[in-house]
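**Student:** After the sequence you'll find the predicted model.
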Amino acid sequence: MGGDTMDTVEQLRAELLAAAAAAADLKALDDVRVAALGKKGRITGLMKGLGQMDPDARKAAGQALNVLKEEVAAALDARKNALDAVALDARLSEERVDVTLPARPESLGAIHPISQTIDEVIAIFGEMGFTVAEGPDIEDDWYNFTSLNIPREHPARQEHDTFYLPNETVGPDGVPGRVVLRTHTSPVQIRTMLSNKPPVRIIVPGRTYRCDYDATHSPMFHQVEGLMIDEKTHMGHLKGALIDFCRAFFEVDDLPVRFRPSYFPFTEPSAEVDIGCTREGGQFRIGHGDDWLEILGCGMVNPKVLENCGIDPAKYQGYAFGMGVERLAMLKYGIPDLRTFFESDLRWLRHYGFSSLDVPAMVGGLSI
Ligand code: DAH
């Protein structure tokens, strides 16, 4: 082999280094490695031939082949590093995250129609100068009933299908009574009048509970209560505020509204408010028509209720009202079954829900 081997080594060096440098990807580079250093590779082949050489030639050729082997291995390594760096750059630019983009997916999540309806009611009465008040869901008998002129044994207590808790408390009247889940938001009237001097102008959204469950009743539901107490407040103010409310809420400027005499222990006189509608089959259309839908209860605060709160009924008077939030939402947004409000079905929520960016306000249309 002798000088021939040296020539071959030189040629092979040039060829293999060029092939390594030219490999376009890791696969091509591995092919070069196998062709040079694999079991049947060319350098491996030459090394196998060393055995047949005479000692001097073998030594020289062996050294030359070892050097070649290292050079080729180093060239393969260098090329691999270069290809890895290119691949990493490509991946980094492909997977680049632009942290200045808005969060995505953008429109996940929706405002529940109950929250939307409460926000709309607050927006309307807020504009009239009412502020939001809240009270506890777990209430004493006295606040939920007695103070509101619903004495023990009064038939109205039965109508409330009350959830009673095992505890008893003694009310401000000194009489012990059961603790209840509040059956309406009206006890917050009492709490507010006991802790604030008139004038009072509050709106009270909140959860209420009654032991009842079907397509139009849920054991937990929502009400909004309203209370206005001042020295000269009269039934005309009540009518004006509630007519304006109905028209603003249903977004019908000339919506017919009527006040029908009714009875509530905590108001005298009392009325129920109906709005005009048309009935087509089982469906309602709010607006002009020859039919009426009841939407809330109201009245002038009973002097006995004022007295229970230490307010002089000879000096102060006012009005109160209460409405069911689910019912308002069902009528306005055409939601047919009350139970669906509480099923947490995402498909329902996506359909009936509202964008969190559309905050209800009287400026610019309530729900648009
Ligand atoms: N509390 C009544 C109910 O749950 C609703 C109501 C009616 C509240 C008339 C009032 C009112 O403040 O004046 O059915």
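**Tutor:** Yep, that arrived.

**Student:** how about the longest helix seen in the chain: buried residues?
**Tutor:** Longest helix of the chain, by residue count under DSSP state H: helix 55-94. Within helix 55-94, the residues scored as buried using 16 or more other CB atoms under 10 Å are 57-58, 60-61, 64-65, 68-69, 72, 75-76, 79-80, 83. Every C-beta, even on glycine, is put in place using the N, C-alpha and C of the backbone.

**Student:** any idea which of those residues is the one closest to residue 262?
**Tutor:** Closest approach to residue 262 among the buried residues of helix 55-94 (CB to CB): residue 83, at 84.9 Å.

**Student:** Compute the number of surrounding residues for the nearest residue to the closest one once chain neighbours are set aside.
**Tutor:** Nearest non-adjacent residue to residue 83, counting by CB to CB, 6 or more residues apart in numbering: residue 26, 5.7 Å away. Number of residues near residue 26 (other CB atoms under 10 Å) recorded here: 13.

**Student:** could you measure residue 26 against residue 33, distance?
**Tutor:** Distance of residue 26 to residue 33, computed by CB to CB, to the nearest Å: 10 Å.

**Student:** OK, contacts around the residue nearest to residue 83?
**Tutor:** Contacts for residue 26 (CB atoms under 8 Å, 6 or more residues apart in numbering) come out as 80, 83, 87.

**Student:** one more time with 10 Å
**Tutor:** When the contact criterion is CB atoms under 10 Å, 6 or more residues apart in numbering, the partners of residue 26 are 79, 80, 83, 84, 87.

**Student:** quick check, nearest of those to residue 7?
**Tutor:** Residue 7 has its nearest neighbour among these in residue 79, at 25.3 Å by CB to CB.

**Student:** The ligand contacts on this protein?
**Tutor:** 184, 186, 225, 264, 267, 297, 298, 299, 320, 321, 322 (CB under 6 Å from any ligand atom).

**Student:** can you pick the most crowded of the residues you listed?
**Tutor:** Within those, most neighbours by other CB under 10 Å means residue 186, with 29 neighbours.

**Student:** can I assume it is in contact with residue 193?
**Tutor:** No. Checked against CB atoms under 10 Å, the pair residue 186 and residue 193 is beyond contact range at 11.4 Å.

**Student:** okay, and the common contacts of the two?
**Tutor:** Counting by CB under 10 Å, 6+ apart, the residues touching both residue 186 and residue 193 are 147, 227, 305.

**Student:** From the rest of the structure, what touches the lowest-mean-pLDDT helix or strand in the chain?
**Tutor:** The weakest-scoring helix or strand in the chain, judged by mean pLDDT, DSSP states H and E, is helix 155-159 (a mean of 75). Outside helix 155-159, the residues within contact range by CB under 10 Å, 6+ apart are 141, 144-146, 148-151, 183, 210, 263-266.

**Student:** Please name the nearest non-neighbouring residue to the closest residue to the ligand within the stretch 201-350 of the chain.
**Tutor:** Proximity of the stretch 201-350 of the chain to the ligand (CB to the nearest ligand atom) peaks at residue 322, 2.4 Å away. Leaving aside its sequence neighbours, residue 322 sits nearest to residue 225 (CB to CB, 6+ apart; 4.9 Å).

**Student:** For the helix or strand where that neighbour lies, give the mean pLDDT please.
**Tutor:** Using DSSP states H and E, residue 225 sits in strand 220-230. Averaging pLDDT along strand 220-230 yields 98.

**Student:** Name the next helix or strand following that strand along the chain.
**Tutor:** Strand 220-230 is succeeded, C-terminally, by helix 235-250 (DSSP H and E).

**Student:** Neighbouring strands - and their directions - for the very next helix or strand once past that next one?
**Tutor:** Using DSSP H and E, the helix or strand that directly follows helix 235-250 along the chain is strand 257-264. If you go by DSSP bridges, strand 257-264 pairs up with strand 267-280 (antiparallel).
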